[in-house]
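> this is a predicted model, with the sequence first.
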Amino acid sequence: MGVTRLDKIRNTHIKESLNLDQDVMDKVSTKRLKYFGHVLRMKPTRYPKIAVEGNVTGNRPRGRPPKRWPDCISEDCKGRSIPRLTDASRLAADRKTWHSITMKPS
């Protein structure tokens, strides 16, 4: 595109000229939800599924806890009007339904 910050062109104008319908955060949430559905449909012996569903023991440090992957998934689901993570897990079992949900803009 050849646009620098010195050109002082707003991001909205750049998006319009490139015909982009999703912004970066929508794209990230879409990819995250697609991977969530992919992992949920895996066999229970696969390492990604074990890592997602696993429970780590131990004490956490003081202060605000860091944002975890399930927290991000639940926020993305709420943006697509799925209230709970258990509902999302049930919907993700059907690949075509989950694909139609993830392709909707939040």
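Noted; the coordinates are in hand.
> got a list of what the closest residue in space to Thr97 that isn't next to it in sequence touches?
Excluding its sequence neighbours, the residue lying closest to Thr97 (Cβ to Cβ, 6 or more residues apart in numbering) is Leu91, at 5.7 Å. The C-beta positions use only the backbone N, C-alpha and C, and glycine is treated the same way. The contact partners of Leu91, by Cβ atoms under 8 Å, 6 or more residues apart in numbering, come to 82, 97-98, 101.
> quick check: the gap between Leu91 and Gly37.
Applying Cβ to Cβ, to the nearest Å, the value for Leu91 to Gly37 is 8 Å.
> and what of Arg5?
Here the criterion is Cβ to Cβ. By it, Arg5 lies 38 Å from Gly37.
> sketch out the low-pLDDT regions of the chain for me.
Filtered on pLDDT under 70, the chain yields the residue ranges 1, 106.
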